[in-house]
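# Just the structure for this:
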Amino acid sequence: MLKRHEVEILLKAGHPKTEVARLSGVSLRSVKRIAQEKPVVEVDDKAERNKRQIGRPSTVQNFRKQVVGILEETPELASLEILRRVREAGYQGGKTALYDLVASLRPKSAKPLVRFEGLPGEFSQHDFGEVEVEFLNGTRQRIHFFASRLKYSRYLRVSLVKDEKVESLIRTLAEHLASWGGRPLLCVFDRPKTIALKWRKNGEVTEWNPVFAYATLELGVGVELCWPYQPRQKGSVENLVGFVKSSFFKVRRFYDEQDLHQQLQDWQHEVNEQRPHHARPESSQPRVWRQKRRACGL
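Numbers count the residues shown, from 1 in each chain. Below is the predicted model of the structure:
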């Protein structure tokens with residue numbers, strides 16, 4: 001249901017159906033079907049499957065071991081030939097289901113990573129981070145923070161949080177979007193452990209955190225997950241948490257937590273309004289601010 005919600009967001013933004021299929025990772029046929037459906041108001045996937053009577057036993061799964069054996073012996077064997085062999089073994093299902101199974105099991109060659117830029121208002125990146133801080137007053141404290149960045153303008157927001165639970169994520173995400181004066185089409189999360197409860201090996205979410213899911217409906221944003229070692233969806237996603245640690249926490253000293261808060265505000269002003277970003281060295285301070293507003297669709 002959240003994937004349907006993402007498709008709706010992209011369609012409302014005026015993207016062609018073919019572009020929506022590419023961005024969301026679903027088929028063009030599914031995009032056309034979703035365009036004719038009513039807006040998503042529920043996020044309970046199980047209830048929706050029961051309502052639509054989805055979930056018949058898969059015939060092709062009975063031949064999974066045989067397909068695995070064929071691919072281990074000849075990884076490059078054509079899917080048509082695999083279909084012929086499996087039919088000889090008794091498979092009577094459709095070729096599309098078998099081709100999907102072969103595609104999911106066939107070893108994939110590594111592809112070169114492409115820098116993920118995005119257009120104004122398309123994407124924002126969000127992630128939790130934590131760091132051990134030793135204050136100048138002699139105390140030590142583990143600091144949790146939530147970072148957000150607009151992918152086009154690189155406008156950054158970092159907030160200290162008490163924990164990395166879903167309530168902290170939603171509240172801080174809403175604050176960051178409000179501070180930008182708008183919302184992007186898609187919010188990209190690097191670590192899904194807080195927002196996804198169950199998922200398949202290929203990274204497809206089978207059960208979302210219900211609190212997070214309903215919050216995204218209220219905020220009106222689509223959600224994309226970039227899983228570790230699987231950056232194929234959006235190309236190379238920059239290490240947002242690593243940037244905050246290396247550019248702020250590891251190069252500054254703080255007397256106490258209050259001093260940390262103040263320095264964090266000063267640092268964000270410097271990064272957003274004064275320091276040109278290496279990806280856009282031509283940006284001056286007024287242009288950065290205009291990029292920020294343009295990236296939010298203002």
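# can you give me the strands for the chain?
Under the criterion DSSP state E, the chain contains strands at 123-134, 140-150, 156-161, 186-189, 196-199, 205-208, 222-225.
# What strands line up against the longest one, and which way round?
Read that as strand 123-134. Here strand 123-134 is paired, per DSSP bridges, with strand 140-150 (antiparallel), strand 186-189 (parallel).
# what angle separates that strand from strand 156-161?
50 degrees (axes from the mean of the first three to the mean of the last three C-alpha atoms, to 10 degrees).
# give me every residue that touches the residue nearest to residue 19 when sequence neighbours are not counted.
Leaving aside its chain neighbours, residue 19 sits nearest to residue 10 (7.7 Å; criterion: C-beta to C-beta, 6 or more residues apart in numbering). Heads up, the C-betas are built off the backbone N, CA and C, glycines and all. When contacts are counted by C-beta atoms under 8 Å, 6 or more residues apart in numbering, residue 10 touches 19, 20, 23, 24, 185, 186, 222.
# In CSV, list these along with neighbour count.
Shown next, in CSV, are those (neighbours: other C-beta atoms under 10 Å):
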residue, neighbour count
19, 14
20, 24
23, 21
24, 23
185, 22
186, 23
222, 24
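# any idea which of those residues is the one closest to residue 170?
residue 222 (15.5 Å; C-beta to C-beta).
# residues touching the residue lying closest to that closest one once chain neighbours are set aside, list them.
Of all residues beyond its chain neighbours, the one nearest residue 222 is residue 6 (3.4 Å), with distances taken as C-beta to C-beta, 6+ apart. Contacts for residue 6 (C-beta under 8 Å, 6+ apart) come out as 24, 186, 222, 223, 224.
# any chance you could map the helices in the stretch 51-200 of the chain?
With DSSP state H, counting those that start in this stretch as the criterion, the stretch 51-200 of the chain has helices at 64-73, 79-88, 95-105, 166-180.
# Please tell me how far the residue lying farthest from the centre of the chain sits from residue 177.
Distance from the C-alpha centroid of the chain peaks at residue 88, with 41.7 Å (C-alpha atoms, centre = their mean). Distance, residue 88 to residue 177, using C-beta to C-beta, to the nearest Å: 56 Å.
# just to revisit the earlier point, of all the strands of the chain, which lies closest to residue 97?
The nearest among the strands of the chain, by C-beta to C-beta, is strand 205-208 at 18.5 Å.
# Against which helices or strands is the closest one packed?
Where contact means 3 or more C-beta pairs under 8 Å, 6 or more residues apart in numbering; DSSP states H and E, strand 205-208 is packed against helix 45-52, strand 196-199.
# Quick check: which of these is buried the most?
Comparing the helices and strands packed on strand 205-208 by mean neighbour count (mean count of other C-beta atoms under 10 Å), strand 196-199 ranks first with a mean of 15.
# residue ranges with poor pLDDT in the stretch 51-200 of the chain?
Low-confidence segments of the stretch 51-200 of the chain, defined by pLDDT under 70: 52-57, 109-118, 191-192.
# before we move on, back to that, could I get the strands paired with strand 123-134 in a markdown table, plus columns for distance to residue 1?
Listed next are the strands paired with strand 123-134 as a markdown table, based on distance: least, C-beta to C-beta, whole Å:
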| stretch | distance to residue 1 |
| --- | --- |
| strand 140-150 | 24 |
| strand 186-189 | 16 |
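# just those strands: most buried one?
strand 186-189 (a mean of 23).
# Is it correct that residue 176 is in contact with residue 155?
No: here residue 176 does not reach residue 155: they are 9.9 Å apart, not a contact under C-beta atoms under 8 Å.
# one step back: the helices of the stretch 51-200 of the chain: which one's closest to residue 150?
Residue 150 lies closest to helix 166-180 among the helices of the stretch 51-200 of the chain, at 6.8 Å (C-beta to C-beta).
# ok so, going back, now render the helices and strands packed on strand 205-208 as TSV, adding distance to residue 165.
Shown next, in TSV, are the helices and strands packed on strand 205-208 (distance: least, C-beta to C-beta, whole Å):
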stretch	distance to residue 165
helix 45-52	22
strand 196-199	13
